[in-house]
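> coords please:
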Amino acid sequence: MPPWRRIAHGFATFVRALSRSRVEASASLPELLARLSHMYTPMARSHAIRLEFEVDPALTPDGVGSLAALGRALGLLLERALEPGTGHVALQVDVVGDDAGTQIVHFTVADERTTGVPDTARLDEATAIVAALGGVVHQECGVDIGSRVIVELAFELPRIAPRIDVDALRSTLGGEDALREVIVALDLALSRDLAGLDILLADDGVTDLQAWLHRVSGALGMAEATELSCIGLELERELAQGRNRYLDRSIRRFSEDAALVLAALREHAGPIGYSPGS
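Have a look, this model is predicted:
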């Protein structure tokens, strides 16, 4: 290789490494996708390939997940597609499901190639990265559709600390004595239900889990934790469509927030003569 070509190759490698580090340092999903576009559009242009990015407007900008690893996986899939013999490549981002705490997203890298065989090494590496993130990779190939690789990942929505309005609860109930009695009852009810969640999640059924959500949501409503109560009722309705691992994870997160409400109630109950845990 002539010296000038080695220098050019070294510079190009340096630029790609710098761009990759910037992609992996993205602070949000929209920023990650914008940096991927900025990094790979020149590569596509150099191979006379049309590269398109299509992003679902419903995509949350605040999804919580490992963006650095996702950027690495999507970069590998784009590099796999952006090879001579490919006429068109698209990265399509679609929201395929969401609930009170999770948004499920498909990242599809599709290519139309006239010659060549897609690189399996990059696909295998990307698949391993996605699996480590708790996601899955699907591949579809055919004469009519070319190659489509779909990365499915779930992103947690930002957590909002549950709020309880003890003053409103006291006013509704009519005084400290009534407040103490309700806190004792809520402590017993929430403690019992939260302790039993593991058994319900280990079972494949829906009915008992819906009943659990209904009871806990009702208890939270009595405690003036209105927003969290509404989330529980929403999860109860979504269970009617069936169980999946993402919904189960949201129910688990709901239970953790309910436990925070219980802890706040116990903390408040102490000064008015109630011994927590009694």
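
> Going by C-alpha atoms from here, please, whenever you check contacts or count neighbours.
Fine.

> Touching, Tyr246 and Gly101? I think so.
No - the pair Tyr246 / Gly101 is not scored as a contact, 9.0 Å apart, by Cα atoms under 8 Å.

> got any residues that touch both of these two?
Common contact partners of Tyr246 and Gly101 (Cα atoms under 8 Å, 6 or more residues apart in numbering): none.

> Break this structure into its domains for me.
Recorded structural domains for the chain (assignment: automatic domain parsing) are 3-156, 166-272.

> Flag whichever of the ones you listed has the least confidence on average.
Least confident of the domains of the chain, judged by mean pLDDT, is domain 3-156 with a mean of 77.

> if I pick Tyr222, what's in contact with it?
Let me fix one detail, which is that residue 222 is Met and not Tyr. Counting by Cα under 8 Å, 6+ apart, Met222 touches Leu169.

> where along the stretch 101-250 of the chain do the strands fall?
Secondary structure of the stretch 101-250 of the chain by DSSP state E, counting those that start in this stretch: the strands cover 102-113, 136-142, 146-156.

> can I get these in a markdown table with mean neighbour count and distance to Leu179?
Shown next, in a markdown table, are the strands of the stretch 101-250 of the chain (neighbours: other Cα atoms under 10 Å; distance: least, Cα to Cα, whole Å):
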| stretch | mean neighbour count | distance to Leu179 |
| --- | --- | --- |
| strand 102-113 | 22 | 34 |
| strand 136-142 | 13 | 49 |
| strand 146-156 | 21 | 35 |
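
> Next, format these as TSV and append distance to Ala240.
Output for the strands of the stretch 101-250 of the chain, formatted as TSV (distance: least, Cα to Cα, whole Å):
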stretch	distance to Ala240
strand 102-113	17
strand 136-142	25
strand 146-156	20
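
> Now Ser255. Nearest residue, chain neighbours left out?
Leu194 (6.5 Å; Cα to Cα, 6 or more residues apart in numbering).

> likewise Glu52?
Closest to Glu52 by Cα to Cα, 6+ apart is Ala90, at 4.6 Å.

> if I've got this straight, the one you found is in a helix?
No - Ala90 is assigned strand when assessed by DSSP: H, G, I helix; E, B strand; the rest coil, not a helix.

> is it true that it touches Ala44?
No - the pair Ala90 / Ala44 is not scored as a contact, 10.8 Å apart, by Cα under 8 Å.
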